[in-house]
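Student: Sequence plus predicted model, see below.
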Amino acid sequence: MISDDTLLTVSDFSVVYDVDPPVEAVSGVSLELRRGEILGLAGESGCGKTTLAYGIQRLLKPPAVITSGHTVFHDASGEDIDINALDAAQMRAFRWDKVSMVFQGAMNSLNPVAPIGRQLEDVFTTHRPSMPKGERRENAGRLLDTVGVGRDRLRSYPHELSGGMRQRVMIAMAMALRPQLMIMDEPTTALDVLVQREILLQISELREQLGFSVIFITHDLPLLLEISDRIAVMKDGRIVELDTAERIYHGAQHAYTRTLLESFPSLTGDRGDFVRGAEPATAGSASEQTARPDASSTEANA
Amino acid sequence: MTTLDFSHVSKRYHVRGSGDLLAVDDVSFSLTSGQTIALVGQSGSGKSTIAKILTQLEHQTSGEVLLDGEAIPRRGPALRRYRQRVRMVFQDPFASLNPYHTIRHHIERPLRLDKVVPKHEVDDEVHRLLERVRLDAAVIDRRPHELSGGQRQRVAIARALASRPELLIADEPVSMLDVSIRLGVLNLLADLQRQSNLGVLYITHDLATARHFSDEIMVMHRGVIVERGPADDVILDPQHPYTRELRSASPDPDKHFAGRSGMDARS
């Protein structure tokens, strides 16, 4: 499924929030994403993972400033697109068509006063203005079928759907134009494990069928280990480790990656770090600051 | 020894337009000091309704809640005394502390209201409580916004412990915290539970921490407890189809990678 073909090259990417004092949210990130690959982006709140995801699509607003770096999109047509060099009109045409996004808390980002069918059709009205009305409707219905909501819900309003169904609608919307890359920011965090599992299976299946790449952002490392081909671990704006899921699981190199791994007690295995009645040694406020990585090891490029 | 009995409790909510919702359906269990029970289930299963009934923020439609054999009083000083013995730690440490007040105020208030210690000892007691939850005394005059999520949840725990309760209801106490500090806070709760011989009802959707934190697990589905038993039994050898479904849906990298290479050592 994953080719050696590179889809996206991010090089030396930095974002600063220009407040007082300025905050460097993303510093010198470089990574390559392959066609058809699921790349997990792991890290805790404030590590810069969302800023990075927004930054590479130029979705950031002031006071965020991209201070260095390039993002090059290697289109299926063979053309290389430097995302930072696009003008407003080109950018508008590029977004959603080539790269789409499922936003954090996406299930609350549907318009509450419009039926979901109409919201799906909007995508085509904007990006495929020549498409006839009947075809728009047909496509919207097919998308709902694909994500398991079913076309009989075209006329439903968001409040008539469960959280899981709304999230699927958002995924359908992100898939509408057959993008080559979908960026998903905590797409299942607000959902139950059962619904989460269904949606993850669906994303994997669709990826098999349609061959798009995914950047999957979450703090849930066990989940990433199961679904990702490779995982990038972010801390303080830097990628501290980037490797295949298997190698991260078996032999994480960076202390912070190991801390993250140990933060999740194993469901069926040993107790690991979680020892009932353990004495203060590890449990104290110190753990709030554990694993500040030695600043020397900073970047890991694939 | 304190025992809280939840006996054949049901709670029915009226939902406008779609009839009644039976959120809790004939649930019985008891919680004794020194015992840790996890209550797991997906959202909407009725977990939090049970927490609300235990603290009498909601009243049951039928059934009884008994503390050492006596029904929970519905109002007045007797209800206050009950709530002093059965305390709650909430999910969201960003919402459960008052942004206008200092940490000192938060912890002092139950001490004064419940007259836990004589007035002149209140200050010492606040410091002792902060020490118990391993917070630096320097936070005492700060306000919640100056603290991290983990620190705030420690304040919430200190506040719950201030009245020297015998039982603690912890409703998703770590799910809003950053992952690398969750275990620290849970370990702290486990230590405090042992030190004070607390009975803890740990409400969560996370099977892994439920298994490691508690002696027993109760699995709730649509208002009914479908399975209960010793923690390891319920997770490692689930009997009810719903428990099995929950288990197989939970991410479990150990199992995921187990087939790929025989011997592995994560650390």
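Tutor: Received, thanks.

Student: what's the spacing between stretch A:201-213 and its chain's center?
Tutor: 14 Å (Cα atoms, centre = their mean, to the nearest Å).

Student: Other residues contacting it?
Tutor: A:1, A:7-8, A:33-39, A:146-148, A:168, A:171, A:175, A:178-182, A:184, A:187, A:214, A:227 (Cβ atoms under 8 Å, 6 or more residues apart in numbering or on different chains). In short, each C-beta sits where N, CA and C put it, glycine included.

Student: Can you give me the buried ones in it?
Tutor: A:203, A:206-207, A:212-213 (16 or more other Cβ atoms under 10 Å in any protein chain shown).

Student: which one of these is nearest B:D26?
Tutor: Nearest to B:D26 out of the buried residues of stretch A:201-213 is A:I203 (Cβ to Cβ; 38.9 Å).

Student: Surely the closest one is in a helix?
Tutor: Yes: read with DSSP: H, G, I helix; E, B strand; the rest coil, A:I203 is one of the residues of a helix.

Student: Just the pLDDT for it.
Tutor: Looking at A:I203, its pLDDT is 87.

Student: Helix, strand or coil: sort out B:K52 for me.
Tutor: helix.

Student: mind listing what it touches?
Tutor: Counting by Cβ under 8 Å, 6+ apart, B:K52 has contacts B:E58.

Student: Give the next helix or strand downstream of the top helix by length along chain B.
Tutor: Assignment by DSSP state H gives helix B:179-195 as the longest helix of chain B. The helix or strand immediately downstream of helix B:179-195 is strand B:199-204, counting by DSSP states H and E.

Student: what's that next one packed up against?
Tutor: Contacts defined by 3 or more Cβ pairs under 8 Å, 6 or more residues apart in numbering or on different chains; DSSP states H and E place strand B:199-204 against strand B:20-32, strand B:36-40, helix B:47-54, strand B:167-171, helix B:179-195, helix B:207-213.

Student: Which one, of those, ends up nearest to A:A232?
Tutor: A:A232 sits nearest to helix B:179-195 of all the helices and strands packed on strand B:199-204, at 16.1 Å, using Cβ to Cβ.

Student: So is the closest one next to chain A?
Tutor: Yes: residues of helix B:179-195 contacting chain A under Cβ under 8 Å from any Cβ of the partner chain: B:179-184, B:186-188, B:190-191, B:194.

Student: Now do that helix: distance to the chain's middle.
Tutor: In terms of Cα atoms, centre = their mean, the centre of helix B:179-195 is set 12 Å apart from its chain centre.

Student: and B:P253, how far is that from A:I217?
Tutor: 18 Å (Cβ to Cβ, to the nearest Å).

Student: Quick check: A:P62 touching A:D18?
Tutor: Yes: in this structure A:P62 lies within contact range of A:D18 using Cβ atoms under 8 Å: 7.2 Å.

Student: More neighbours: these two, which one.
Tutor: Legend: neighbour count by other Cβ atoms under 10 Å in any protein chain shown for A:P62 and A:D18, higher for A:D18 (13 against 7).

Student: for the strand or helix carrying A:M184, packing partners?
Tutor: In the assignment (DSSP H and E), A:M184 maps to strand A:181-185. The helices and strands touching strand A:181-185, judged by 3+ Cβ pairs under 8 Å, 6+ apart, are helix A:49-56, strand A:99-102, helix A:163-175, strand A:213-218.

Student: can you give me the angle that strand makes with strand A:213-218?
Tutor: 10 degrees (axes from the mean of the first three to the mean of the last three Cα atoms, to 10 degrees).

Student: now stretch B:166-177: mean pLDDT?
Tutor: 90.

Student: ok, residues contacting that stretch?
Tutor: For stretch B:166-177, contacts defined as Cβ under 8 Å, 6+ apart pick out B:2, B:4, B:31, B:33, B:47-48, B:51, B:54-55, B:85-94, B:149-150, B:153, B:157, B:160, B:182, B:185-186, B:189, B:193, B:198-206, B:209.

Student: Repeat the analysis, applying 7 Å as the threshold.
Tutor: Stretch B:166-177 is contacted from outside by B:2, B:4, B:31, B:33, B:48, B:51, B:54-55, B:85-93, B:149-150, B:153, B:160, B:182, B:185-186, B:189, B:198-204, using Cβ atoms under 7 Å, 6 or more residues apart in numbering or on different chains.

Student: residue closest to the middle of chain B?
Tutor: By Cα atoms, centre = their mean, chain B has its centre lying nearest to B:A170, at 1.1 Å.

Student: Bridged to that residue, which residues?
Tutor: B:V89, B:Y202 (DSSP bridges).

Student: burial measure for B:A160, as a count.
Tutor: B:A160 - counted by other Cβ under 10 Å - has 23 other residues nearby.

Student: now the helices for the stretch 1-150 of chain B?
Tutor: B:47-54, B:76-85, B:103-113, B:122-132, B:149-162 (DSSP state H, counting those that start in this stretch).

Student: any chance of those in a markdown table, with distance to A:Q196 too?
Tutor: What follows is those, written out as a markdown table (distance: least, Cβ to Cβ, whole Å):
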| stretch | distance to A:Q196 |
| --- | --- |
| helix B:47-54 | 17 |
| helix B:76-85 | 35 |
| helix B:103-113 | 35 |
| helix B:122-132 | 36 |
| helix B:149-162 | 22 |
